[in-house]
Each structure stands twice: as C-alpha cells, then as structure tokens.
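Colleague: based on what follows, work out the 3D shape:
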Amino acid sequence: MIRQAGFGGGCHWCTEAVFSSLKGIVSVQQGWIASTGSDMSFSEGVIVEYNDDIISFDTLIAIHLHTHSSTSQHSMRGKYRSAIYTFNVQDAESAKEAIETLQPEFESTIITKVLPYGAFTSSREELLDYYFNDPQKPFCELYINPKLKLIMERFSKLADTDKLRHLKQLDA
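Modeller: Have a look, this model is predicted:
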C-alpha cells in the first residue's frame with residue numbers, strides 16, 4: 001500500500017537525498033513544510049510517498065533520526081525543525097512509539113517532534129533532486145555523502161544500490 005509522511009530535520013537537500021536513496025520510495029517532494037498551531041511556520045522538509053510492503057514507517061523514522069541532528073536543539077531549529085509530519089492519528093501514535101523505541105540508540109534525548117501535517121510548498125524547480133543532479137558539488141560531498149554512506153552501512157538492505165553506486169566508487 002502507498003502511504004505518505006513528512007520529514008524535517010536538516011537541509012531539505014539532505015533529507016531529499018536520504019529518502020530518494022531507499023528502496024520502496026515512490027516519490028520525494030522537497031520544499032517547505034508546516035504543521036498547525038505554534039508550529040505553523042514553514043521549515044525545510046520533504047513529503048515522502050512510500051510502499052509500506054517494502055519499507056515500513058518505523059524504518060523510515062529510524063533512518064530519519066540517524067541521518068540528521070535529531071538530538072540537537074541548535075539555533076537554526078526554526079529553519080530546520082526536527083519533525084515527523086503525519087497525515088492521520090494512527091501514524092502520529094506510531095511515530096511517537098517509534099521514537100520511544102529508538103531512544104536507547106542515542107546518547108542524548110531525541111528532540112524530534114511528531115506533528116500533524118499542515119501545508120507544503122515545493123522548492124524551485126532548479127533545486128529539486130539537488131543531490132542526484134550533481135553529487136560532486138562540495139555541499140553534497142561534505143554534508144550528504146556521509147548520510148548516504150550511513151544508509152549503506154546501517155540500512156544496506158534498503159539502500160537503492162543503483163542510485164548509490166557512485167559512493168562505492170568514491171571509497172575505492
């Protein structure tokens with residue numbers, strides 16, 4: 001079944017590349033995402049459509065928490081809100097349980113919020129698929145490659161090896 005969830009944490013270029021590099025991902029929309037109430041301001045994020053017969057929501061959450069600063073309350077949290085945006089109450093409860101289950105894997109407290117989805121605005125066309133359009137950009141090499149290498153090491157069965165083939169070449 002095709003489902004969707006939103007994720008925010010670090011740069012949306014990074015988050016887009018992380019989720020785009022996984023098996024079972026149908027689409028990743030990169031842009032600005034908002035919730036409701038006190039979190040209704042837009043921050044960088046993605047909307048992910050995924051096939052939950054191939055990759056579970058809990059696994060997506062684990063990958064998200066391990067590939068951004070999910071325990072750091074830094075000064076840029078307004079632009080880079082650490083969040084899982086859900087489209088229904090069941091997913092919100094599942095996300096909270098997943099975070100609680102994953103907490104022992106982290107030294108510090110996970111600060112990632114579980115928020116109801118509010119709105120989304122896509123990035124400009126020239127910024128979409130940022131990493132895979134030119135993975136040799138300095139930003140990509142410095143910030144995104146380490147996240148993708150973590151996926152290949154820790155979540156290797158879910159890594160789309162065709163998309164990540166260039167990383168193996170870099171290590172050679």
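Colleague: can you pull out the helices in this protein?
Modeller: Listed in chain order, the helices of the chain (DSSP state H) span residues 12-20, 57-66, 89-102, 130-133, 138-139, 145-154, 165-171.
Colleague: quick check: residue 11 touching residue 142?
Modeller: No: under the contact definition of C-beta atoms under 8 Å, residue 11 does not touch residue 142, with a separation of 11.2 Å. Quick note: C-beta positions are derived from backbone N, CA and C, even for glycine.
Colleague: so which of the two has more stuff around it?
Modeller: For residue 11 and residue 142, the more surrounded residue by other C-beta atoms under 10 Å is residue 11, and the numbers stand at 18 against 9.
Colleague: now that one: closest residue in space, sequence neighbours ignored.
Modeller: The spatially closest residue to residue 11, leaving aside those adjacent along the chain, is residue 44, at 6.1 Å (C-beta to C-beta, 6 or more residues apart in numbering).
Colleague: who's the one you found bridged to?
Modeller: Legend: beta-bridge partners of residue 44 under DSSP bridges are residue 32.
Colleague: how near is the nearest residue to residue 57 once chain neighbours are set aside to residue 100?
Modeller: Closest residue in space to residue 57, ignoring its immediate chain neighbours: residue 94 at 5.9 Å, by C-beta to C-beta, 6+ apart. Summarising the geometry, the distance separating residue 94 from residue 100, computed by C-beta to C-beta, to the nearest Å, is 11 Å.
Colleague: compare the two and say which is more crowded by neighbours.
Modeller: Neighbours per residue (other C-beta under 10 Å) separate residue 94 from residue 100, with residue 94 holding more: 19 against 10.
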